[in-house]
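Asks: using only what follows, build the 3D model:
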Amino acid sequence: MPWTLVVSLIVFVPLASINIYVGRRLFKALTQITAWNRETLRLAIVSVLVFVNLLPVVFLAAYLVGGRSIVPAFAGDAAFIDVILTYPFWIALVISVQLLVLFLLLDITGWFLKRAIPHFAASWNRRLSVIRACIAGFVALYSVIVIVRDTWTVRIVEQEVLLPAEFKSLSGFRIAQISDVQGDGRTTPQVLRGYVAKVNSLNPDLVLFAGDLVTSGTLYIDSTAAILGNLRAPYGSIAAVGDHDIFSRKSMVLEALARAGVKVVEDSTLIVGSDASNLAITVVTYTYSQKPSNGRIEELLNTGNERYRILLVHQPAEILVSLAERQGYQLFLAGHTHGGGISFGIPGLFLLAPANIESHYVSGLYRVGKLIVSVTNGLGFTLAPVRFHAPAEIVMITLR
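Replies: As a prediction, this is how the structure comes out:
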């Protein structure tokens, strides 16, 4: 069974429970503050919830009938499936999970208020219904606006990293950090060419690609690599191997990128530049299915300290950050997390996504001792074809 279907089914089970809870609370609120017919309202809410949760059910049925041949259609190759099933499912998931948290907070608050202020209980239910309805409307509108913004735009993140005094000759050197291109039926050649044009417009000296050329299969490997071959930088483009590169077919990914002029490096160090303060770019293949032992990683990172040292990997694993900091590296670049992809919470206060379980380093710049860690949100999609609080991005690092 394809992993996209497996994950969709896993998500579907708790989501169904969340939808029942949210739907019941919303039904109760609307029946108390409107004159709408209860049965009509109930039917409307149930119909909407059934519709937005059809994706896993239809996907499973189609797979049982057609086998793996139908998987590409549910991975972005069929636009009508995305419009009718995929986008409604993921947008509804975002809205439902946020409403779950807020409705639970309201229920808990109401429980305490009714016991602390007994005379308040009589008027609480109607107030609660008004609050719930207002929250539901606001969350739905906010979610759609943010999803549209984060899914179909690419932001440029400019970061300056301070150089140790001994490497001042590198001041002004610009590195474009990209990751998770994920060429597929959604990240089309037109979209990919747009990514490349944006990178080239920033005039980087070097492009570092943290892996994941395609999402799955071999169909898009050659075309995606050929487009990335149009990246322009005086010191070229260097790539790490990502999880999806291995899931798809690693040998084909390596060959396609090589033909396109992108240098893929595995467990080795390249020297970039020719002056006394040149760069040492160490690239380690660190994925779910392929990773060196900790001892081997320490050997790979033991490259001396006479150069400015950068570690490029796919996954921002905490052990890698720790080892790089211990070995005296100055800069650590990774992708993989998609910035959380779908991150729930309040921007500026807290954001929580499944990626937080895997690593403390999810998005942005972090300082660990003297090491600067930069994790990019990447450009493409994996399972969910939408982004929420985690826009696609190109990170431009200028050494100063």
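Asks: what about N53, neighbour count?
Replies: 20 (other C-beta atoms under 10 Å). All C-beta spots, glycine's among them, are computed from the backbone N, C-alpha and C.
Asks: quick one: it from A392, how far?
Replies: Here the criterion is C-beta to C-beta, to the nearest Å. By it, N53 lies 27 Å from A392.
Asks: next one: L99
Replies: 26 Å.
Asks: cool, and A16?
Replies: As judged by C-beta to C-beta, A16 and A392 stand 30 Å apart.
Asks: and for I281?
Replies: 24 Å.
Asks: more crowded one of those two?
Replies: The neighbour comparison of I281 against A392 (other C-beta under 10 Å) goes to I281, with 27 against 24.
Asks: contacting residues for that one?
Replies: L208, I238, V265, T269, L270, I271, V272, I310, L312 (C-beta atoms under 8 Å, 6 or more residues apart in numbering).
Asks: let's see it at 6 Å
Replies: I238, L270, V272, I310 (C-beta atoms under 6 Å, 6 or more residues apart in numbering).
Asks: quick one: buried residues of stretch 306-321?
Replies: 307-317, 320-321 (16 or more other C-beta atoms under 10 Å).
Asks: so which residues make contact with that stretch?
Replies: 167, 170, 208, 210-211, 240, 242, 278-284, 286-287, 324, 329-334, 336, 359-361, 368, 373, 375.
Asks: the lowest-mean-pLDDT helix or strand in the chain pairs with which strands, and in what direction?
Replies: Sorted by mean pLDDT, DSSP states H and E, the helices and strands of the chain end with strand 350-352, the least confident at a mean of 77. Next to strand 350-352 in the sheet, as set by DSSP bridges, lie strand 344-346 (antiparallel).
Asks: list the buried ones in the strand it pairs with?
Replies: Of the residues in strand 344-346, those buried (16+ other C-beta under 10 Å) are F344.
Asks: off-centre distance for the host helix or strand of A29?
Replies: Using DSSP states H and E, A29 sits within helix 3-33. Averaging C-alpha positions (C-alpha atoms, centre = their mean, to the nearest Å) puts helix 3-33 23 Å from its chain's average.
Asks: by contact count, what packs against that helix?
Replies: When contacts are defined as 3 or more C-beta pairs under 6 Å, 6 or more residues apart in numbering; DSSP states H and E, helix 3-33 sits against helix 38-52, helix 54-66, helix 87-116, helix 121-151.
Asks: looking at that helix now, give me its mean pLDDT.
Replies: Per-residue pLDDT values across helix 3-33 average out to 89.
Asks: rewinding a little: in a markdown table: the helices and strands packed on helix 3-33, plus distance to V157 and mean pLDDT.
Replies: Below are the helices and strands packed on helix 3-33 laid out as a markdown table (distance: least, C-beta to C-beta, whole Å; pLDDT from 0 to 100):
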| stretch | distance to V157 | mean pLDDT |
| --- | --- | --- |
| helix 38-52 | 33 | 94 |
| helix 54-66 | 32 | 93 |
| helix 87-116 | 23 | 88 |
| helix 121-151 | 13 | 88 |
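Asks: okay, how far is it across stretch 162-178, tip to tip?
Replies: End-to-end distance of stretch 162-178 (C-alpha to C-alpha, to the nearest Å): 20 Å.
Asks: that one: which residues count as buried?
Replies: Within stretch 162-178, judged by 16+ other C-beta under 10 Å, the buried ones are L163, F167, L170, F173, R174, I175, A176, Q177, I178.
Asks: just the CA trace of stretch 355-363, in CSV.
Replies: What follows is stretch 355-363, C-alpha atoms only, in CSV (Å, rounded to 0.1, in the frame of the first residue of the first chain):
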residue,chain,number,x,y,z
ALA,A,355,8.0,18.1,12.7
ASN,A,356,8.5,19.3,16.2
ILE,A,357,8.4,15.7,17.4
GLU,A,358,11.3,14.8,15.2
SER,A,359,13.7,17.7,15.8
HIS,A,360,14.0,21.0,17.8
TYR,A,361,15.2,22.6,14.6
VAL,A,362,12.2,23.1,12.3
SER,A,363,12.4,26.5,10.6
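Asks: all further residue positions should be reported with the first residue as 40.
Replies: Sure, I'll start counting at 40 from here, so that last one is stretch 394-402.
Asks: outside of it itself, list whatever touches it.
Replies: For stretch 394-402, the surrounding residues in contact (C-beta under 6 Å, 6+ apart) are P355, E357, T376, G378, G379, V412, V414, N416.
Asks: go on, stretch 229-236?
Replies: I266, N269, L270, L418.
Asks: next, count neighbours for the third one.
Replies: Translated: L270. Neighbour number of L270 under other C-beta under 10 Å is 21.
Asks: hmm, A264 and it touching each other?
Replies: No: assessed by C-beta atoms under 6 Å, L270 is found out of contact with A264, at 10.9 Å.
Asks: show the contacting residues for the most centrally placed residue in the chain.
Replies: By C-alpha atoms, centre = their mean, the mean C-alpha position of the chain lies nearest to H377, the distance being 2.0 Å. H377 sits next to N416, G417 when contact means C-beta under 6 Å, 6+ apart.
Asks: distance of the closest residue in space to I134 that isn't next to it in sequence relative to I381?
Replies: Distance criterion C-beta to C-beta, 6 or more residues apart in numbering; nearest residue to I134, sequence neighbours excluded, is S182 at 4.9 Å. Applying C-beta to C-beta, the value for S182 to I381 is 10 Å.
Asks: just T254 next, same as before
Replies: Going from T254 to I381 by C-beta to C-beta gives 16 Å.
Asks: those two: which is more packed in?
Replies: Set side by side, T254 and I381 show more neighbours around T254, with 25 against 22, by other C-beta under 10 Å.
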